[in-house]
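Chemist: Okay, structure incoming, though there's no sequence with it:
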């Protein structure tokens, strides 16, 4: 593996499971030093020990609840205290809630929206400002193919991912003059804990479309380093989104409802 990221530092949010672990491993293989941030500190400490031993990199762990107002400044204070300047921000933390909107706990829904949108925005603002001052950097945002269309039973989640998609694509255009690249990764259903956390049992459609998480994370990083602003991993996911362009919106929503039902 080419150690082309030696002496660089990446911050990976949501690093205790799923894509977060994959992003950390893929960056470590390229020699990148890491700051791992999530709530589950023990899981990240185990990952950090493994990565230090395997790749001779520096890894710091920050146990933190990212679903809070002000978390961007708080994270920046943490990394400043560590003496670390972040070159690559992997804005991965997020989750979904499955079910009828009015039957979901409103507090949980608002917590999800805080993490998926507001905290992601804060972190992007704080670290992009720092990257501009230092002459450049890279930011990867994790959205979803759910962000391309309204999705019944994931109404608030898919709306939050639409925000991430549009925010990231616009941000890339704004920030390129500062040598800051922004890419948005929009996965379909992937073999992570997403469904378990969301409270949904996998449908036949989801089982047929499911991708492994590491290749999806690798596609996201490849897009980020090649300057591709938006990427959908997997031919089936690409075809799904492409074909929806030719389908009336009310039919898109009905089709999504049918595919999401257990």
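Modeler: Right, received. Where do you want to start? Bear in mind that the values here come from a model prediction, so they are computed numbers and not experimental data.
Chemist: Give the pairing partners of the helix or strand harbouring residue 181; include direction for each.
Modeler: Using DSSP states H and E, residue 181 falls within strand 180-185. Strand 180-185 sits in its sheet next to strand 137-142 (parallel), strand 230-231 (parallel), going by DSSP bridges.
Chemist: for the chain, what are the low-confidence residue spans?
Modeler: Within the chain, the ranges that satisfy pLDDT under 70 run 1, 262.
Chemist: which outside residues touch the strand or helix carrying residue 25?
Modeler: Remark: residue 25 resides in helix 18-29, with elements defined by DSSP H and E. Here helix 18-29 makes contact (C-beta atoms under 8 Å, 6 or more residues apart in numbering) with 1, 5, 10, 12-15, 34, 36, 38, 47, 51, 54-55, 57, 59, 88, 90, 92-93, 140, 142, 187, 190, 192-194, 213-214, 216-218, 220-221. Every residue, glycine included, has its C-beta placed from N, CA and C.
Chemist: Keep only those of those that are in helices.
Modeler: Among those, the members falling in helices are 47, 51, 54-55, 194, 213-214, 216-218, 220-221 (criterion: DSSP state H).
Chemist: Tell me how many other residues surround the spatially closest residue to residue 39 that is not a sequence neighbour.
Modeler: Once flanking residues are discounted, residue 39 sits nearest to residue 65: 5.4 Å by C-beta to C-beta, 6 or more residues apart in numbering. Residue 65: 13 surrounding residues under other C-beta atoms under 10 Å.
Chemist: Start the count at 429 instead of 1 going forward.
Modeler: Let's use 429 as the start, then, which means that last one is residue 493.
Chemist: hmm, back to that, the strand holding residue 609 to helix 446-457, inter-axis angle?
Modeler: Relative orientation of strand 608-613 versus helix 446-457 (axes from the mean of the first three to the mean of the last three C-alpha atoms, to 10 degrees): 140 degrees.
Chemist: Tell me the buried residues in strand 608-613?
Modeler: Within strand 608-613, the residues that count as buried by 16 or more other C-beta atoms under 10 Å are 608-613.
Chemist: chain center to it: distance?
Modeler: Relative to its parent chain, strand 608-613 has a centroid offset of 11 Å by C-alpha atoms, centre = their mean, to the nearest Å.
Chemist: go on, stretch 450-465?
Modeler: Put simply, stretch 450-465 sits 14 Å off its chain's centre (C-alpha atoms, centre = their mean).
Chemist: so can I have CSV of the strands paired with strand 608-613 showing distance to residue 627?
Modeler: Shown next, in CSV, are the strands paired with strand 608-613 (distance: least, C-beta to C-beta, whole Å):
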stretch, distance to residue 627
strand 565-570, 20
strand 658-659, 28
